[in-house]
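# A structural model of the following input is requested.
(chains A and B)
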Amino acid sequence: MPQFFEYFLLTIFIAGLIFISHWIGQQAYTWMPPQATAEAQRVDDLFSFLTTIGAFILLGLVSMMLYSVLFYRAKPDDYSEGHPSRGNAKLEIFWTITPILLVAWIAFQNINIYKQLNILGLKQIVQFPLDAAPAEAAMVQNTPKPAAETIQVIAKQWNWRFRYPNDVINRELHLPVNESTRLNLQAEEVIHGFYIPEFRLRQDAIPGRDIAIVVTPIRTGKYRLQDAEFSGTYFALMQADVYVESREAYERWLARVAQQPIELVDAAVAEQSRSPRTLLKTGWYTGLSDSASVADSLSPKDGGNS
Amino acid sequence: MTHSSNEGATNPLEPERSNQQFNWRYYLHFSTDHKVIGVQYMVTTFTFFLIGGLLAMLIRGELVTPELNLVDRPLYNALFTLHGTVMIFLWIIPFNAGLANYLVPLMIGARDMAFPLLNALSFWLIPPAGILLISSFLLPNGPAQTGWWSYPPMSLQFPPGQPINGQLFWIISLILLGISSIMGAVNFVTTIVWLRAPGMTFFRMPVFVWSVLSAQLLQLINLPSLTGALILLMFDLSLGTNIFKPLEGGDPVIYQHLFWFYSHPAVYIMALPAFGIFAEVLPAFARNPLFGYRSLALASLGIALVSIFVWVHHMFASATPDWMRVLFAITSMLVAIPTGVKAFGWTATIWKGKLHLDTPMLFAMGGAAMFLFGGITGVMLAANSFDLHVNNTYFVVGHFHYIVFNTITMAIFAAIYFWFPKITGRMFAEGWGKLHFWLTFIGANLTFFPMHPLGLQGMVRRVASYPSEYQGWNIIASLGGFLLGVSVLPFIANAIGSILDGPRATDNPWEATGLEWTTSSPPPRDNFAEIPQVIFPPYNYGNPRAYGEDSATQSGEEVSSHNE
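Below is the predicted model:
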């Protein structure tokens, strides 16, 4: 009967593992920032799924290791063999097939969710500069997700600017809630990364390339856009405020900023001019000319992106 | 074979070997002995590990508070650029080359590497390349500040009127290191293929040798891509060409492809020898044969093969079309299959063994357990839909430090402790080793675990200042980082003290299998008095004759009975 008992223990062990890893997978949702787009929910589902599987494997193998450590210690001078087993074909085939199946399952879920993201609008449109663009790219290019608004996102070292449909340029990104907005990403001199954690969305802007993404925010509020592709000295300061608001509030804001220029201090220029106190100071070249003015005011209709 | 006992104190041959004791002065000379070169590699790269660690502690010091207060921004950017470059190209990769240099000829029963002079040249490129890189701190505008990827066009921006700049130093240093590694790879592959002792068939090679072979094949296949890209980058930077300049008709995304075509496999070039170390240490201290030897050996090659086709997963947020993202997500996940085989094999090896928890075993088990965590977050990152959220956040930083530090550097320490008696002829102090392990294990998790929640919350990597809501986890990570800094002190004290005054080591203090344990500690210049005839399968822990006892009685009769 010891064999029956061992199988019984194994069943309890696996059932416990499934229970705990399922619980950890549910916790995974709380580790993420709020879900501000429809896409965010899909990404969090995928993350929870991956966390569940990962916790199962991690806890399973680590508890087997710990079990060995606790119960199979050698006596200090006992260098005799443990057991003579050099392998077991059945077992080895089993643990080769298992990861294959797991990977297939994860890959299927991933593709499935990536497709859903596309349907919902997380579509990258990569326009190749050459005429002989690959067929896939051409296909993507021809079927952009219809979007209510198109906003140009202009990244330069080290600030973000947004050109709205009425040609207003501002340093805040305002998006109407529950509508698809197409963002045309442009970078002026180096590569920058468009990233809003609550949107679960990130895309590089590359100089000389037109790259667009479509976002559909579903939750009003204020968020932070952060450059996520290292872009030089003042990279960390390259942020912008993002407001998701009702259609009416969005229109009101747009009309208001069209009337008066909004002066916003450029964080990098401001820091350069007041030179923060740090313990170690190098005075190395920052890439920002000293002549840049602090109050880099923007007239609402200057041709900012040229 | 001229030695027969594992009881060093009573070994009648001890006087003959006394002239082979470890003499550090010998290691300052130009030598073509693979063992001397191996030690030269390991000591040199350990120095760079300390430098890279100091840079990391400055980074963690700055990140204790959200505001900028320890270093200014150009210095911060230089710190993480050099930290990454030093740790990858001057610590892990060349340390592994040094360890393999020392061990591979011993493990396969050869007298030296295939090309001893080339071997020496490979090593002697490293000190000048490293000094060149570190010396760029003395330039008027400091070292390269563009991260270890050095993506153009940002890496092509330099202080006006300064063609001699940190970026140029960085490029030249990396080209030299690349040439060194390519020469080393030619040497390793040739040695393993042609210089195996009689009877040392491919499937009698220890898994460490398999993993070195796989890693060095990757160096041969992939490294020229990076070295070539760096030469082109230098042309753009210094000669005014427009290869990667987007506004002058060049293409910066091509650089990303060329860079990651090497720099992703580089992760496996670093990790495969670590897996090999686990495969040597775990059986020796569990007293079990390595479980599923053949599948683990082949899994090394499998990991190497798959890793050639995964590089775009670093570019999921770059200018890559959908089909490419989905395709490379699948290929990246495939790595989990051979890696899973390895992890199951290690677990089964220690299952129901007779475990000796000596320092090498602690480091190997700790490293293997933390590898599971890093591997699982790796599969998560391969899922491109999820990766879009954490790409370039601290989640990625936490993931790869679980690999490069918590797995690979732990494995390196396991290897140092495991082969320390063989290399130096002295035993280390076990208590200090255990202290080192616990400080490292706790420090590593304290430092790198908090990076995962930070990344999930959206903290971007490479920022010198950050929004205050991220401070809590950052304080924990910084405290862990300082603990890691302290943790190397007992190791250094132990290593130096034991080399000078440790108890003499026997030929085979761990009663381990493998040819390196059948020769003296340290081995003579030609490694073996006579080239051994290999008659056993590897990891033959069930058979006491496989690890020295009674080895003098090996005879033709046993050759036939133990041949597979």
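
# Could you export the helix or strand containing residue A:154 as PDB, CA atoms only?
Taking DSSP states H and E as the criterion, the element that holds residue A:154 is strand A:149-156. Extracted in PDB, the C-alpha atoms of strand A:149-156 (Å, rounded to 0.1, in the frame of the first residue of the first chain):
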ATOM      1  CA  GLU A 149      -9.700  61.900 -33.700                       C
ATOM      2  CA  THR A 150      -6.200  62.100 -35.000                       C
ATOM      3  CA  ILE A 151      -3.600  63.700 -32.800                       C
ATOM      4  CA  GLN A 152       0.100  64.200 -33.800                       C
ATOM      5  CA  VAL A 153       2.500  63.300 -31.000                       C
ATOM      6  CA  ILE A 154       5.800  65.100 -31.500                       C
ATOM      7  CA  ALA A 155       8.800  63.900 -29.300                       C
ATOM      8  CA  LYS A 156      12.000  65.800 -29.100                       C
END
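
# Next, see if it gets close to chain B.
No. Shown here: strand A:149-156 not in contact with chain B (C-beta under 8 Å from any C-beta of the partner chain), separated by at least 12.2 Å. Using the backbone N, CA and C atoms, a C-beta is placed for each residue, glycine as well.

# Can you spell out which helices and strands pack onto that strand?
For strand A:149-156, the packing partners by 3 or more C-beta pairs under 8 Å, 6 or more residues apart in numbering or on different chains; DSSP states H and E come out as strand A:159-163, strand A:173-176, strand A:181-187, strand A:192-196.

# most packed of the ones you listed?
Most buried of the helices and strands packed on strand A:149-156, by mean neighbour count (mean count of other C-beta atoms under 10 Å in any protein chain shown): strand A:192-196, with a mean of 27.

# contacts for that one?
The set of residues external to strand A:192-196 that reach it, using C-beta atoms under 8 Å, 6 or more residues apart in numbering or on different chains, is A:36, A:153, A:155, A:183, A:185, A:201-205, A:213, A:223-229, A:231, A:238, A:242, B:317, B:391-392, B:458, B:460.

# Mind checking which of those residues are buried?
A:36, A:153, A:155, A:183, A:185, A:201-205, A:213, A:223, A:225-229, A:231, A:238, A:242, B:317, B:391-392, B:458, B:460 (16 or more other C-beta atoms under 10 Å in any protein chain shown).

# Nearest to chain B: which residue in chain A?
residue A:197 (2.7 Å; C-beta to the nearest C-beta).

# near chain A, which residues of the stretch 51-200 of chain B?
Going by C-beta under 8 Å from any C-beta, the residues of the stretch 51-200 of chain B near chain A are B:67-75, B:77-78, B:140-142, B:145-147, B:149, B:151, B:153-154, B:157, B:159, B:162.

# In helices only, show me these.
B:73, B:74, B:75, B:77, B:78 (DSSP state H).

# Looking at those, which one is closest to chain A?
residue B:74 (3.8 Å).

# who are the neighbours in contact with the closest one?
A:233, A:282, A:284, A:285, A:286, B:141, B:142, B:145.

# Quick check: the closest residue to it other than its chain neighbours vs residue A:265, distance?
In this structure, residue B:74 finds its nearest non-sequential neighbour in residue A:284, 3.8 Å apart by C-beta to C-beta, 6 or more residues apart in numbering or on different chains. As judged by C-beta to C-beta, to the nearest Å, residue A:284 and residue A:265 stand 24 Å apart.

# now swap in residue B:91 and tell me
Taking C-beta to C-beta as the measure, residue B:91 falls 42 Å from residue A:265.

# Looking at these two, which is more packed in?
Taking neighbours as other C-beta atoms under 10 Å in any protein chain shown, residue B:91 and residue A:265 compare with residue B:91 leading, 27 against 14.

# nearest spatial neighbour of the more buried one, skipping sequence neighbours?
residue B:49 (4.4 Å).

# Run a quick neighbour tally on the one you found.
19.

# quick one: the strands in chain A?
A:125-126, A:149-156, A:159-163, A:169-170, A:173-176, A:181-187, A:192-196, A:201-205, A:211-215, A:221-227, A:239-245 (DSSP state E).

# Mind listing what's buried along stretch B:86-106?
Result for stretch B:86-106 [16+ other C-beta under 10 Å]: buried residues B:86-106.

# So the closest residue to residue B:134 other than its chain neighbours: helix, strand or coil?
Excluding the flanking residues, the one nearest residue B:134 by C-beta to C-beta, 6+ apart is residue B:51, at 6.6 Å. Following DSSP: H, G, I helix; E, B strand; the rest coil, we place residue B:51 in the helix state.

# Near residue B:51, how many residues? Count them for me, please.
By other C-beta under 10 Å, neighbour count at residue B:51 equals 19.

# Can you give me the distance of it to residue B:165?
Using C-beta to C-beta, we find residue B:51 at a distance of 21 Å from residue B:165.

# and what of residue B:361?
According to C-beta to C-beta, residue B:361 and residue B:165 sit 47 Å apart.

# Tell me which residues touch residue B:43, please.
Neighbours of residue B:43 in contact, by C-beta under 8 Å, 6+ apart: residue B:27.

# how close does it get to residue B:489?
With C-beta to C-beta as the criterion, residue B:43 and residue B:489 are 17 Å apart.

# quick one: low-confidence parts of the stretch 151-300 of chain A?
A:262-264, A:290-300 (pLDDT under 70).

# Kindly recompute the last result at 50.
Along the stretch 151-300 of chain A, segments meeting pLDDT under 50 span A:293-300.

# Please report phi then psi for the residue in chain B that chain A sits nearest to.
Closest contact between chain B and chain A, by C-beta to the nearest C-beta, is at residue B:458 (2.7 Å). Residue B:458 adopts backbone torsions of phi 100, psi 20, taken as degrees, to the nearest 10.

# The one 4 residues further on too?
Residue B:462 adopts backbone torsions of phi 70, psi 20, taken as degrees, to the nearest 10.

# any idea how far residue B:386 is from the residue nearest to it when sequence neighbours are not counted?
Among residues not flanking residue B:462 along the chain, residue A:230 sits closest, at 4.5 Å (C-beta to C-beta, 6+ apart). According to C-beta to C-beta, residue A:230 and residue B:386 sit 21 Å apart.

# Kindly report the same for residue A:278.
Residue A:278 is 36 Å from residue B:386, by C-beta to C-beta.

# Compare these two (neighbour count), which wins?
Neighbour count, other C-beta under 10 Å: between residue A:278 and residue B:386, residue B:386 has more, with 27 against 18.

# ok, the more buried one - contacts?
A:43, A:46, A:47, A:50, A:110, B:380.

# Any chance of these in JSON lines with neighbour count, pLDDT and distance to residue B:520 as columns?
Below are the contacts of residue B:386 laid out as JSON lines (neighbours: other C-beta atoms under 10 Å in any protein chain shown; pLDDT from 0 to 100; distance: C-beta to C-beta, whole Å):
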{"residue": "A:43", "neighbour count": "27", "pLDDT": "92", "distance to residue B:520": "59"}
{"residue": "A:46", "neighbour count": "25", "pLDDT": "94", "distance to residue B:520": "56"}
{"residue": "A:47", "neighbour count": "24", "pLDDT": "95", "distance to residue B:520": "55"}
{"residue": "A:50", "neighbour count": "23", "pLDDT": "95", "distance to residue B:520": "51"}
{"residue": "A:110", "neighbour count": "25", "pLDDT": "89", "distance to residue B:520": "54"}
{"residue": "B:380", "neighbour count": "24", "pLDDT": "95", "distance to residue B:520": "48"}
